[in-house]
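# Everything below, folded, please.
(one chain, ligands or ions: 2)
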Amino acid sequence: MTVDLLNEPVRIDVHAGSQVAPIWIGDGISERIGAILDEHAVGARRLIVSNPVVWRLHGERIVRALGAVEPILVPDGERYKNLQSVSKIYEALIRAGADRGSVIVAVGGGVLGDTAGFAAATFLRGIPVVQVPTTLLAQVDSAIGGKVGVNHALGKNLIGAFHQPAAVLIDPALLTTLPRREFRSGLYEVVKYGVIASPDLFERLLRQTKSIFAKDPAVIVPAIVESCRIKADVVSKDERESGLRRILNYGHTVGHAIESVTKYRRFRHGEAIAYGMLAAADLAVARGALADVHRQAIAKLIGQLGPLPPILDLTIPEILEVVRRDKKVVNGKLHFVIPIQIGATVTIDDVTEDELTAVLRRMGLKQ
Ligand SMILES: NC(=O)c1ccc[n+]([C@@H]2O[C@H](COP(=O)([O-])OP(=O)(O)OC[C@H]3O[C@@H](n4cnc5c(N)ncnc54)[C@H](O)[C@@H]3O)[C@@H](O)[C@H]2O)c1
Ligand SMILES: [Zn+2]
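Ligands and ions are numbered 1, 2, ... in the order given. The predicted structure follows:
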């Protein structure tokens, strides 16, 4: 990659119907949010939504970039990704006299972006949102694609909407304060992009793990750019997830089940997906669809990115039960995205429970 990437922001467009949702990526770009939004005429009145953790770390620079603004703060954490937080945002918007000419600037990780994005999608039947993602997971995944929403007491992400952001501004410099485990959680999604679409990205992750953990912009910025390109490309071709967008679910069938049976407490999202990617690769080898050397490479990279929480106490029946309830099951057969080489996948829809049981047994889970 050229050094230019570090100086000039890169623009990537998500095309959704007649709309274009631009993504700008650049080291230090958060210092220029105001100028970029001015230049592209995004929202006359900007209302920031953030959480206390992110605001304490980065609020000052955001205020500098946008001018003096009081943020609307919602509590931090997945358990606050709910309608109560959305309601708090509505209330602050109404009190501030927000109207159709206002724009919400969401500054935070995936939880904050999903919550503030949902408030924007529904307030006054929809006002624009600008996403300023501050975790790696949000920068490469959740802030892109227009899916917003919150959890319900009876299940995760059950309430939501499609609401493409007016812009996504990605500043890798914000990641310097991110705890290592959160950073790793995002890296597993980057691995996913490598496996589904880019052998080159995959190779670089393998070779440059050290520079990645040092958060060297020369390595991190291109990895984020490439991940965003892949997601933007897939979403542009299939915004509402009728087909192609499903490839982004590689690792997510078993991953979601692992998160769910452990009540979203033991695993960060990316960690569960890492196990899910290993499971799907193993399934692919068992079917003769993937050469074992590729499965080994995936396992090597995942191993290299750090320890994963243990899964050996989980049981096969509890995982199967969740997978069965998951939306990826149609007529009793399981849907799976499996790699056929590094950089290419296929979706299969005839996986039997016996096959999945064998995979989980090989991963060490108990019957
Ligand atoms: N909309 C989508 O398409 C989509 C896709 C994937 C995941 N998601 C959602 O994203 C959520 C997970 O997002 P996440 O992994 O970003 O978790 P998160 O938003 O909970 O952030 C993790 C923690 O890091 C803190 N943090 C954020 N930025 C920081 C920074 N720069 N420095 C220090 N700390 C920082 C947060 O306040 C939080 O405590 C889930 O709710 C998931 O459902 C949505
Ligand atoms: Zn994911």
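
# Could I get the full set of helices for the stretch 151-300 of the chain?
For the stretch 151-300 of the chain, the helices defined by DSSP state H, counting those that start in this stretch cover 180-197, 199-207, 209-213, 217-237, 252-261, 269-286, 292-304.

# Just want the angle from the fifth one to helix 269-286.
Computed by axes from the mean of the first three to the mean of the last three CA atoms, to 10 degrees, the angle separating helix 252-261 from helix 269-286 equals 130 degrees.

# So which of the helices of the stretch 151-300 of the chain is the most surrounded?
Comparing those by mean neighbour count (mean count of other CB atoms under 10 Å), helix 269-286 ranks first with a mean of 25. In this view, the C-beta of every residue, glycine as well, is placed from N, C-alpha and C.

# Which secondary structure elements does that one sit against?
On a contact count with 3 or more CB pairs under 8 Å, 6 or more residues apart in numbering; DSSP states H and E, helix 269-286 meets helix 180-197, helix 252-261, helix 292-304, strand 333-341, helix 353-362.

# contacting residues around His256?
Ala272, Gly276, Val322, Asp326 (CB atoms under 8 Å, 6 or more residues apart in numbering).

# Output the contacting helices and strands for the helix or strand harbouring the third one.
When secondary structure is defined by DSSP states H and E, Val322 falls within helix 316-325. With contacts defined as 3+ CB pairs under 8 Å, 6+ apart, the secondary structure elements packing on helix 316-325 are helix 252-261, helix 353-362.

# out of those helices, nearest to Arg45?
Arg45 sits nearest to helix 252-261 of all the helices and strands packed on helix 316-325, at 37.6 Å, using CB to CB.

# burial count for His152?
12 (other CB atoms under 10 Å).

# Quick check: bridge partners of it?
Gly155 (DSSP bridges).

# The residue nearest in space to the middle of the chain and Tyr264: what is the separation?
The structure's the chain has its C-alpha centroid closest to Asp141; by CA atoms, centre = their mean the separation is 2.9 Å. To Tyr264, Asp141 is 17 Å away according to CB to CB, to the nearest Å.

# rewinding a little: how about the helices and strands packed on helix 269-286 in CSV, adding distance to Leu112 and mean pLDDT?
Listed next are the helices and strands packed on helix 269-286 as CSV, based on distance: least, CB to CB, whole Å; pLDDT from 0 to 100:
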stretch, distance to Leu112, mean pLDDT
helix 180-197, 13, 98
helix 252-261, 19, 95
helix 292-304, 27, 98
strand 333-341, 28, 92
helix 353-362, 34, 96
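
# Please tabulate the ones you listed in CSV, including the columns distance to Pro165.
What follows is the helices and strands packed on helix 269-286, written out as CSV (distance: least, CB to CB, whole Å):
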stretch, distance to Pro165
helix 180-197, 18
helix 252-261, 22
helix 292-304, 30
strand 333-341, 25
helix 353-362, 36
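
# Now distance to ligand 1 too, for the helices and strands packed on helix 316-325, in JSON lines please.
Compiled in JSON lines, these are given as follows (distance: least, CB to the nearest ligand atom, whole Å):
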{"stretch": "helix 252-261", "distance to ligand 1": "9"}
{"stretch": "helix 353-362", "distance to ligand 1": "23"}
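
# Could you dump those helices into TSV and include distance to Ile72?
Shown next, in TSV, are the helices and strands packed on helix 316-325 (distance: least, CB to CB, whole Å):
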stretch	distance to Ile72
helix 252-261	29
helix 353-362	44
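
# now for these, which one comes closest to Ala120?
That would be helix 252-261 among those, by CB to CB, at 25.5 Å.

# If I take the closest one and helix 180-197, what angle do their directions form?
Going by the same axes, to 10 degrees, helix 252-261 makes 150 degrees with helix 180-197.

# Only C-alpha atoms, please: export helix 252-261 in PDB.
The C-alpha trace of helix 252-261 is given here as PDB (Å, rounded to 0.1, in the frame of the first residue of the first chain):
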ATOM      1  CA  HIS A 252     -21.700 -16.700  12.600                       C
ATOM      2  CA  THR A 253     -23.900 -19.800  12.700                       C
ATOM      3  CA  VAL A 254     -21.900 -21.500  15.400                       C
ATOM      4  CA  GLY A 255     -20.500 -18.200  16.700                       C
ATOM      5  CA  HIS A 256     -24.000 -16.800  17.600                       C
ATOM      6  CA  ALA A 257     -24.900 -20.100  19.300                       C
ATOM      7  CA  ILE A 258     -21.700 -19.900  21.400                       C
ATOM      8  CA  GLU A 259     -22.500 -16.300  22.400                       C
ATOM      9  CA  SER A 260     -26.100 -17.200  23.200                       C
ATOM     10  CA  VAL A 261     -25.500 -20.300  25.400                       C
END
